[in-house]
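Trainee: fold the following for me, if possible:
(one chain, ligands or ions: 3)
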Amino acid sequence: MENIQSYVQQHKERFIDELIELLKIPSISADSAYSQDVIDTAEAIKTSLEKAGCDHVEICETPGYPIVYGEKTIDPTLPTVLVYGHYDVQPPDPLDLWESGPFEPIIKKTEKHPEGAIFARGACDDKGQMYMHVKALEFMTSTGQLPCNVKFMIEGEEEVGSESLGWFVERNQEKLANDVILISDTGMIANDVPSITTGLRGLSYVEVEVTGPNRDLHSGLYGGAVANPINILAQMIASLHDENNHITIPGFYDKVEELSKEERAKMGEAPFSLDNYKRALDIKDVHGEAGYTTNERNSIRPTLDVNGIWGGYTGEGAKTVIASKAYAKISMRLVPNQDWEEITELFSKHFESIAPAGVTVKVDPHHGGQGYVTPIDSKGYQAASKAYETTFGKTPIPQRSGGSIPIVSLFEKELKSKTILMGFGLDSDAIHSPNEHFGVWNYLKGIETIPWFYKYFTELSK
Ligand code: BES
Ligand code: MN
Ligand code: MN
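Mentor: Numbering: from 1, shown residues only. Ligands and ions are numbered 1, 2, ... in the order given. Presented below is the predicted three-dimensional model:
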């Protein structure tokens, strides 16, 4: 691996240009108007894997968007790394808050990225991070330094729940057999504080509908005499947290894993500035469950959040009306041991039970997934840790993330292997938000670090 650094230096312009081309395709999985773009992106990934040295690449059709599968086998007795990533992106809206087009990538300097960052939807989540693996493979194959076998599985439905991937994994256990799964779809603490993600939260996502009268009513003639579904929905949602910001759904916390004092103290050692955190978000104070720190609230504790709420008249001016219906989309982030289907059940029962007689309530489960924690004494974690030590000159800090990649727990169940989450993004990279970006330094550092993982993992597997 001696020359990975010089290889990256020599080819970095091309690495950036190739990523920029990929980012120009609006592969928005949530919006069917972009379905051809999603499919075109799969084709582009296929071509890039072929060029990077896979011996076999295919587009695997599914009931939804295709999965790009590629492999290079050098010796069946050596270990196999399975790389997972996603080529779909979140919708870019609200468009007017972007400083440049979400699919017109440009490089700009930022406070966190003095060497420049690529601004585009998907730059960090996950095209940029996924593409680091393609370029790392290119380096290893073109210099004869691939130390083990590799498989790639890149999907196009991660941002909408990975339904087809679950279908695909269940049907292709042998094809996907591996010794470790490697994913770059998370973040790290800071460029000078490398970290490895050791936990992901689970998710239960539901939509609720509250129905009152059978039609929209004059708010003067009927106001005060019938239940207003929007008022009721707001009250019901407000009641889901108590004064300590605990979630009030009976049984919600029953299976929540309580971390020991030692584990919490260890977590608390990770560098963190509450002042900087507040300043970055322009908030006067943080908010959350009593008894827990900010970093605990967003990683080891479950949450409930309204993601969207609508109903009634929202157009220009005023209309005096009591709407017939009100809606909300609600997500619950879950921690290990909480089962997402059980939590969805508990939510539905509770939500229906707190509805006053004047309305009816419907709860529609959307999707979900289990949380994940990975031990730090596995070969995979050790190999990743050594890889960061080699390229960052520092031992990475294990850190649990608040985000979710529901498919990771399914990988463990179906493929019986551990996932290593080597993310190179920063929380400030604005994933899912306007002006998403990915540091050029992070992109290149990722490409440089990944081959070391392969080397150390192969050595530790001997
Ligand atoms: N890459 C993210 C998840 C993530 C980001 C985990 C940063 C840890 C750190 C992924 O693409 C994502 O957005 N997941 C969704 C869940 C999915 C079911 C829509 C999420 O976390 O909201
Ligand atoms: Mn992602
Ligand atoms: Mn995402």
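Trainee: where's the closest residue to ligand 1 within the stretch 351-462 of the chain, which helix or strand?
Mentor: Nearest to ligand 1 in the stretch 351-462 of the chain, going by Cβ to the nearest ligand atom, is residue 403, at a distance of 2.4 Å. Heads up, the C-betas are built off the backbone N, CA and C, glycines and all. In this assignment (DSSP states H and E), residue 403 forms part of neither any helix nor any strand.
Trainee: can you list the residues of the stretch 1-150 of the chain near ligand 2?
Mentor: Within reach of ligand 2 by Cβ under 5 Å from the ion, the stretch 1-150 of the chain has these residues: 125, 126.
Trainee: so where do the strands sit in the stretch 1-150 of the chain?
Mentor: 56-60, 67-72, 80-86, 106-108, 117-119, 149-155 (DSSP state E, counting those that start in this stretch).
Trainee: make a markdown table from the ones you listed and add mean neighbour count and distance to residue 245 to it.
Mentor: Shown next, in a markdown table, are the strands of the stretch 1-150 of the chain (neighbours: other Cβ atoms under 10 Å; distance: least, Cβ to Cβ, whole Å):
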| stretch | mean neighbour count | distance to residue 245 |
| --- | --- | --- |
| strand 56-60 | 15 | 44 |
| strand 67-72 | 23 | 40 |
| strand 80-86 | 24 | 32 |
| strand 106-108 | 14 | 37 |
| strand 117-119 | 26 | 34 |
| strand 149-155 | 25 | 35 |
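Trainee: need these in TSV (columns: distance to ligand 1).
Mentor: TSV is the format used below for the strands of the stretch 1-150 of the chain (distance: least, Cβ to the nearest ligand atom, whole Å):
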stretch	distance to ligand 1
strand 56-60	20
strand 67-72	16
strand 80-86	6
strand 106-108	22
strand 117-119	16
strand 149-155	11
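Trainee: count of residues packed around residue 100?
Mentor: For residue 100, the count of nearby residues is 12 (other Cβ atoms under 10 Å).
Trainee: what do you get for residue 221?
Mentor: Residues near residue 221, counting by other Cβ under 10 Å: 9.
Trainee: and residue 273, which of the strands of the stretch 1-150 of the chain is closest to it?
Mentor: Residue 273 sits nearest to strand 117-119 of all those, at 21.1 Å, using Cβ to Cβ.
Trainee: how far does the closest one sit from its chain's centre?
Mentor: Mean-position distance between strand 117-119 and its chain equals 19 Å (Cα atoms, centre = their mean, to the nearest Å).
Trainee: so who does residue 54 touch?
Mentor: Residue 54 is in contact with 70, 71, 72, 137, 150, 152, counting by Cβ atoms under 8 Å, 6 or more residues apart in numbering.
Trainee: cool, and residue 29?
Mentor: Applying Cβ under 8 Å, 6+ apart to residue 29 gives the contacts 38, 65, 88, 89, 156, 157, 158, 159, 160.
Trainee: most neighbours, which of those?
Mentor: Neighbours here mean other Cβ under 10 Å. Within those, the largest count is held by residue 89, at 32 neighbours.
Trainee: surely the residue of the stretch 351-462 of the chain closest to ligand 1 and residue 203 touch.
Mentor: No. Under the criterion of Cβ atoms under 8 Å, residue 403 makes no contact with residue 203, lying 9.1 Å away.
Trainee: okay, now the domains of the protein?
Mentor: The chain breaks down into these domains under automatic domain parsing: 4-200+371-461, 202-256+302-369.
Trainee: okay, those in TSV with mean pLDDT and distance to residue 262 next?
Mentor: Compiled in TSV, the domains of the chain are given as follows (pLDDT from 0 to 100; distance: least, Cβ to Cβ, whole Å):
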stretch	mean pLDDT	distance to residue 262
domain 4-200+371-461	97	14
domain 202-256+302-369	97	17
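Trainee: so which of these comes closest to residue 263?
Mentor: Closest of the domains of the chain to residue 263 is domain 4-200+371-461, at 9.9 Å (criterion: Cβ to Cβ).
Trainee: still on that earlier bit, in JSON lines: the strands of the stretch 1-150 of the chain, plus distance to residue 351.
Mentor: Below are these laid out as JSON lines (distance: least, Cβ to Cβ, whole Å):
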{"stretch": "strand 56-60", "distance to residue 351": "38"}
{"stretch": "strand 67-72", "distance to residue 351": "35"}
{"stretch": "strand 80-86", "distance to residue 351": "31"}
{"stretch": "strand 106-108", "distance to residue 351": "44"}
{"stretch": "strand 117-119", "distance to residue 351": "40"}
{"stretch": "strand 149-155", "distance to residue 351": "32"}
